[in-house]
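**Student:** sequence and predicted model, in that order:
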Amino acid sequence: MPKLVLKFEKSILQEVPVNSKEVSIGRSPDNALVIDNPAVSHYHARVFSEDGRIMLEDFGSLNGTFVNGQRVKMVALKPGDSVAIGKHTIVVSDASDLDGFAVGQGASKAAAPKLNETVILDTKERRAFMQQIAAAGETSQVAPARMKVPTLLVRKGRTNHKEYALTDKLTVVGKSAMATVKLKGWFAPRAAAQINRRDDQSYYVGAADKTPAVNGNPIDRPTKLSPGDVIAVAGVELEFVYRD
Amino acid sequence: MNQGIEQTPMATEIEFGAQTDIGCVRESNEDFFGAAPELNLFVLSDGMGGLACGEVASRLAVETILTRSRSGDLEPASASSDGAITGVSAESNRLASATRAANEAVHRAAQNSGTGQPMGATVVAVRFVGERMSVAHVGDSRAYRLRAGQMEQLTRDHSFVAEQVRQGRMTEQEAGNSGLQNVLVRALGIGPEVEVDVSDELVLEDDTVLLCSDGLTRELTDVQIAAVLGECAEAQEAAERLVELAKQAGGGDNITAIVLRRAAKPVGALARIGRLGKWLKNSGN
């Protein structure tokens, strides 16, 4: 079965098989291949099988998808093709022999001598890679106007603003001093709900003194927000969107 | 927005309980914990390294964070200072900075030990200011929040298997059975610099916060932990029960648990000193 191998410089980051399921590619963590870099669109492209061929489709991404140096919209891929997205490369591999991957093999080697003890995987390559990621992040922030800003739009209810850019990792909805989305009214709860940006860069809404509903369904655990989701809690409705 | 608004730190009252145990297999306890109750700051660390280096590393990590936080509070936090993390409160930035100092301290100690032994430590540290809690961590020691019977893990492990799960290459179950659970991808002391994960969290009056080393979570499920936290009226009792249960379940590693609750009623100074005494007694074993 052919595979897609996501690489950054010389490091292999991820491998996914191309089977009947399509492989979505993008910055958003719900993609099958996640490229966590601001130069990559949230839903950038996809790879899928059609009539025995492997097809690549770019979703009209801002910075484009390149196959062997050519910007493409939709092409058939063949083994050995190199797909460039941002500074990352996806290599189409025919190899069923590529069972392991660099990180995994390194880890088992490192761990082998004494498995009872905690060991640390900290290769030079990994460190160099982290630095490159950091550097790439900085350069792509040159065009901040193009970055989409996660935002809550107030659809209903009494709040101190009509919209809130979610710049902080924690956003509290309520009457409390630490609330960003300030609720008005005598009976408003101190903390009705909370929204956290977790380390996957996604936003999750969770219950506080009240249990919010997302798109009409009361949540029973912190719930990941998708664009267009509407949070209803304590008499207000907030729509989660990414704004230009 | 949290930044810029310097709230007068409310007199937050935190009820805390803590317990640590060598477990049933290991020959030394490399876990260490400490607190600065006047700052509502609680720190747990799990050390690693041969020839007693693990014990040195975890202790040094905890003590550096406590010391730094005490002295750091005398200086105003500067938002533009090096390495400031955006999107989190000034307290969280201070805690991250203290954690980076702990990394430097452990790293330096490893370099100067002359044993050639690598030395490292995980750390999880929390600090309460009013309803807000700052969380900083490196490695696989965890912070949980129990709210309305639901456990939520507030930290993500910097471990190889956790990374595999996040990238969809391993299921939770595979990770739980993996022989590579001991492989960390981030720890204090390994390099001259470390990336510290930091966040702000909301803590309500009825919430319980748990800090623990992997010796606890390897033995007990979230459901078991939530049950104990829900049953025990006292934080100290909960910490002791958790550690005892983890030992009964095998105790394959050192086990440490810190249970924290926002006290519903103001607690008198005497009660506080009494608790501190108990804490010191427990941490001195």
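**Tutor:** On my side now, so go ahead.
**Student:** who does the closest residue to chain B within chain A bridge with?
**Tutor:** At 4.0 Å from chain B, residue A:170 is the closest residue in chain A, using CB to the nearest CB. From N, CA and C alone the C-beta is placed, and that goes for glycine too. Beta-bridge partners recorded for residue A:170 (DSSP bridges): residue A:196.
**Student:** can I assume it is in contact with residue B:201?
**Tutor:** Yes. Assessed by CB atoms under 8 Å, residue A:170 is found in contact with residue B:201 at 6.5 Å.
**Student:** between these two, which contacts overlap?
**Tutor:** A:196, B:132 (CB atoms under 8 Å, 6 or more residues apart in numbering or on different chains).
**Student:** send the alpha carbons of stretch A:50-66 over as PDB?
**Tutor:** Output of stretch A:50-66 as PDB, limited to C-alpha atoms (Å, rounded to 0.1, in the frame of the first residue of the first chain):
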ATOM      1  CA  GLU A  50      -9.700   7.100  -7.400                       C
ATOM      2  CA  ASP A  51      -9.800   4.400 -10.000                       C
ATOM      3  CA  GLY A  52      -6.600   3.000  -8.700                       C
ATOM      4  CA  ARG A  53      -4.800   6.300  -8.900                       C
ATOM      5  CA  ILE A  54      -3.700   8.500  -6.000                       C
ATOM      6  CA  MET A  55      -5.100  12.000  -6.400                       C
ATOM      7  CA  LEU A  56      -4.000  15.200  -4.600                       C
ATOM      8  CA  GLU A  57      -6.300  18.100  -4.400                       C
ATOM      9  CA  ASP A  58      -5.500  21.500  -3.000                       C
ATOM     10  CA  PHE A  59      -8.400  23.200  -1.300                       C
ATOM     11  CA  GLY A  60      -7.600  26.600  -2.600                       C
ATOM     12  CA  SER A  61      -5.000  27.100   0.100                       C
ATOM     13  CA  LEU A  62      -3.400  30.500   0.600                       C
ATOM     14  CA  ASN A  63       0.200  29.400   0.200                       C
ATOM     15  CA  GLY A  64      -0.400  26.600  -2.300                       C
ATOM     16  CA  THR A  65       0.600  23.000  -2.800                       C
ATOM     17  CA  PHE A  66       3.500  22.100  -5.000                       C
END
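**Student:** could I get the average pLDDT for it?
**Tutor:** Stretch A:50-66 carries an average pLDDT of 85.
**Student:** list the buried residues in that stretch.
**Tutor:** With burial defined by 16 or more other CB atoms under 10 Å in any protein chain shown, the residues of stretch A:50-66 counted as buried are A:54-58, A:61, A:63-66.
**Student:** which residues does that stretch contact?
**Tutor:** Residues contacting stretch A:50-66 (CB under 8 Å, 6+ apart): A:2, A:18, A:26, A:39-41, A:43-49, A:67, A:71-78, A:83-86, A:92, A:146.
**Student:** now do stretch B:235-246
**Tutor:** Contacts to stretch B:235-246, defined as CB under 8 Å, 6+ apart, come from residues B:15-21, B:23, B:208, B:210, B:212, B:215-216, B:218-220, B:224-225, B:228-229, B:231-232, B:255-261, B:275, B:278.
**Student:** how about 6 Å then?
**Tutor:** When contacts are defined by CB atoms under 6 Å, 6 or more residues apart in numbering or on different chains, stretch B:235-246 is touched by residues B:15-19, B:21, B:216, B:219-220, B:228-229, B:232, B:255, B:257, B:259, B:261.
**Student:** out of those residues, list just those in helices.
**Tutor:** B:216, B:228-229 (DSSP state H).
**Student:** filter those residues by proximity to chain A?
**Tutor:** Among the ones in helices among the contacts of stretch B:235-246, no residue is within reach of chain A (CB under 6 Å from any CB of the partner chain).
**Student:** most neighbours among these, which one?
**Tutor:** residue B:216 (29 neighbours; other CB atoms under 10 Å in any protein chain shown).
**Student:** ok, now which ones touch that residue?
**Tutor:** With contact set as CB under 6 Å, 6+ apart, residue B:216 has these partners: B:246, B:255, B:257.
**Student:** flag the shaky bits of the chain, pLDDT-wise.
**Tutor:** Since you didn't name a chain, this refers to chain A. For chain A, residues meeting the criterion pLDDT under 70 lie at A:95-147.
**Student:** chain B was what I was after
**Tutor:** B:1-11, B:51, B:73-83, B:264-285.
**Student:** tell me where chain A has helices.
**Tutor:** Using DSSP H, helices in chain A cover A:102-111, A:124-140.
**Student:** same question but for chain B, I mixed them up
**Tutor:** B:53-72, B:90-112, B:160-166, B:172-177, B:214-217, B:222-231, B:235-248, B:269-283.
**Student:** figure out which of those helices is closest to residue A:165.
**Tutor:** helix B:90-112 (19.1 Å; CB to CB).
**Student:** kindly calculate the angle that that closest one makes with helix B:53-72.
**Tutor:** Here helix B:90-112 runs at an angle of 140 degrees relative to helix B:53-72 (axes from the mean of the first three to the mean of the last three CA atoms, to 10 degrees).
**Student:** what helices and strands are in contact with helix B:90-112?
**Tutor:** Secondary-structure packing of helix B:90-112 (3 or more CB pairs under 6 Å, 6 or more residues apart in numbering or on different chains; DSSP states H and E): helix B:53-72, strand B:120-129, strand B:132-138, strand B:197-202.
**Student:** select from the contacts of stretch A:50-66 every entry located in strands.
**Tutor:** Residues from the contacts of stretch A:50-66 lying in strands, with DSSP state E as the criterion: A:26, A:45-49, A:67, A:71, A:74-77, A:83-85, A:92.
**Student:** which of the residues you listed are buried?
**Tutor:** Buried among the ones in strands among the contacts of stretch A:50-66 (16+ other CB under 10 Å): A:26, A:45-49, A:67, A:75, A:77, A:83-85, A:92.
**Student:** how close does the spatially closest residue to residue A:172 that is not a sequence neighbour sit to residue A:39?
**Tutor:** Of all residues not flanking residue A:172 in the chain, residue A:179 sits nearest, at 4.4 Å (CB to CB, 6 or more residues apart in numbering or on different chains). Counting by CB to CB, to the nearest Å, the separation of residue A:179 from residue A:39 is 34 Å.
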